[in-house]
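Student: What follows is a predicted structure for the sequence shown.
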Amino acid sequence: SNLKTLLVRAKLHLLLLFAYPCGPEEDDAWFFRFHIPLVLKRTCRTVSTESDALRFLNRVVPHLPIPKLIHSFEVDGASYALMTRIHGEPLLGLGQLPEEQVDTLVTDVAAIIEELWRIPQPSSLAGKIMVNANGHGICSVLGYSRYVFGPFDNVEACYDRFQANVTTQPPSQQRRDSEW
């Protein structure tokens, strides 16, 4: 086990030698040098990860314009995903777009979302909600926490779980999502 951990850490170190951070304050995603069209991303948990989602989507809708998962591994409580890089410009950096481009963008994104909604739920997870493709729950929407919500057997169970954590206390007195 110690040898395996050492080898995985060595693999990570080698990958990072060929990569640079995606942004000035980015420490969870790296682009590769020498025009290698890959990205390495870190998730600070080992369940319900981006790797899980990409593995599933690459299998059931491989034609969608999403990154292809090349490899994934875990080290020191984090998950790493090596994936293809989708070229383009972030929408935030494009400024005001002409109405025609916005219409095209909305149409394209809507078509992808509709196709994602048509993916049938695996029979082993039939009827469950707040569940990802590998049977784990969905990550907290309260930030990059390690907390996962679900899966729940039905909407009522989900509602009860979320209602139990509703509070009228000011934010300074509320529990963090990791304490749920």
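Tutor: Received the coordinates, thanks.

Student: Burial check on residue 62, number of neighbours?
Tutor: 9 (other Cβ atoms under 10 Å). The way it works is simple: take the backbone N, C-alpha and C, and place the C-beta from them, glycine included.

Student: ah, wrong one, I meant residue 43
Tutor: Neighbours around residue 43, by other Cβ under 10 Å: 21.

Student: Give me the pLDDT for residue 57.
Tutor: On pLDDT, residue 57 comes in at 93.

Student: SS state for residue 106?
Tutor: The three-state assignment at residue 106 reads helix, by DSSP: H, G, I helix; E, B strand; the rest coil.

Student: Against residue 112, how distant is it?
Tutor: As judged by Cβ to Cβ, to the nearest Å, residue 106 and residue 112 stand 11 Å apart.

Student: One more: residue 20?
Tutor: Distance from residue 20 to residue 112, by Cβ to Cβ: 29 Å.

Student: Which one of the two is surrounded by more residues?
Tutor: Just comparing residue 20 and residue 112: by other Cβ under 10 Å the higher neighbour count belongs to residue 112, 13 against 10.

Student: Relative to residue 34, how far out is the closest residue to that one other than its chain neighbours?
Tutor: Spatial nearest neighbour of residue 112, excluding adjacent residues (Cβ to Cβ, 6 or more residues apart in numbering): residue 64 at 6.1 Å. From residue 64 across to residue 34, the span is 28 Å (Cβ to Cβ).

Student: out of the two, which sits in the busier spot?
Tutor: For residue 64 versus residue 34, neighbours defined as other Cβ under 10 Å are more numerous around residue 64 (12 against 5).

Student: can I assume the more buried one is in contact with residue 57?
Tutor: Yes. Using Cβ atoms under 8 Å, residue 64 is in contact with residue 57, at 6.7 Å.

Student: Great, nothing more from me.
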